[in-house]
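[1] Below are the sequence and a predicted model for it; my questions follow.
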Amino acid sequence: RGYAGLYHLAIHVPDAAEFAYVLARLDSARYPHSPTEHVFSKATYLDDLDGNGIEITLETPWRVKELRNGRGGIELIDQEGVARPGVGHLDIQETMSHLVEKEMRPLKPGTWIGHVHVHVNDIEAAIGLAMAAARVSLSGASPLSSRQPRLNSGSPEVSTYKAARSGPACSTSGRSGWRV
């Protein structure tokens with residue numbers, strides 16, 4: 001894209017029923033989204049009305065038995081021993097089999113902001129900012145301002161993407177305390 005800014009914000013849902021609920025709501029509203037299979041997670045990607053990227057994701061790490069380098073890049077070996085790519089088509093029928101409720105409501109407790117991916121023009125400066133943000137959760141004091149942080153129970157994963165280049169450039173991870 002050739003600019004700095006938000007790539008996407010990920011909202012993690014707590015269980016398969018909630019993920020199915022979100023897909024059902026998007027479909028019923030005819031809101032465009034892209035359901036995606038990652039093996040270690042199930043996700044759907046969409047843009048908000050301002051064009052900001054949003055990922056709704058369900059973590060499923062128990063489905064991955066092994067990671068290995070393959071000819072086409074990293075392969076995820078599932079519990080049945082089948083090598084799968086990191087990005088594939090989501091089995092909608094299986095996913096929707098977990099749908100329990102259809103009534104409109106807020107997202108369930110336990111939904112959280114899991115990670116933020118951004119495009120950057122200066123990777124070194126972005127790494128410095130990500131490291132400073134990570135220190136907020138460790139110290140309880142923000143190196144970026146004199147005020148106490150409002151959200152000090154954890155920091156989200158921050159992945160930076162070099163502008164006009166595909167693929168992650170760096171990653172700083174930690175389960176977020178940010179709740180939706």
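    In hand now; what should we look at?
[2] This structure: strands as residue ranges?
    5-12, 34-37, 41-47, 53-59, 64-70, 73-78, 83-84, 88-89, 112-120, 157-162, 170-172 (DSSP state E).
[3] Out of those strands, which is closest to residue 131?
    strand 170-172 (6.7 Å; CB to CB). All C-beta spots, glycine's among them, are computed from the backbone N, C-alpha and C.
[4] and the helix of greatest length in the chain, how far out from the chain's middle?
    Counting by DSSP state H, the longest helix found in the chain is helix 123-139. Taking CA atoms, centre = their mean, to the nearest Å, one finds the center of helix 123-139 at 19 Å from the center of the full chain.
[5] who are the neighbours of it, in terms of helices and strands?
    strand 157-162, strand 170-172 (3 or more CB pairs under 8 Å, 6 or more residues apart in numbering; DSSP states H and E).
[6] Tell me which residues touch the residue nearest to residue 45 when sequence neighbours are not counted, please.
    Closest residue to residue 45 apart from its sequence neighbours, by CB to CB, 6 or more residues apart in numbering: residue 34 at 4.6 Å. The neighbourhood of residue 34, defined by CB atoms under 8 Å, 6 or more residues apart in numbering, consists of 44, 45, 46.
[7] How many residues are close by the nearest residue to residue 97 once chain neighbours are set aside?
    Leaving aside its chain neighbours, residue 97 sits nearest to residue 20 (7.6 Å; criterion: CB to CB, 6+ apart). Residue 20: 23 surrounding residues under other CB atoms under 10 Å.
[8] My guess is residue 20 contacts residue 96. True?
    Yes. Contact criterion CB atoms under 8 Å: residue 20 and residue 96 qualify, at 5.3 Å.
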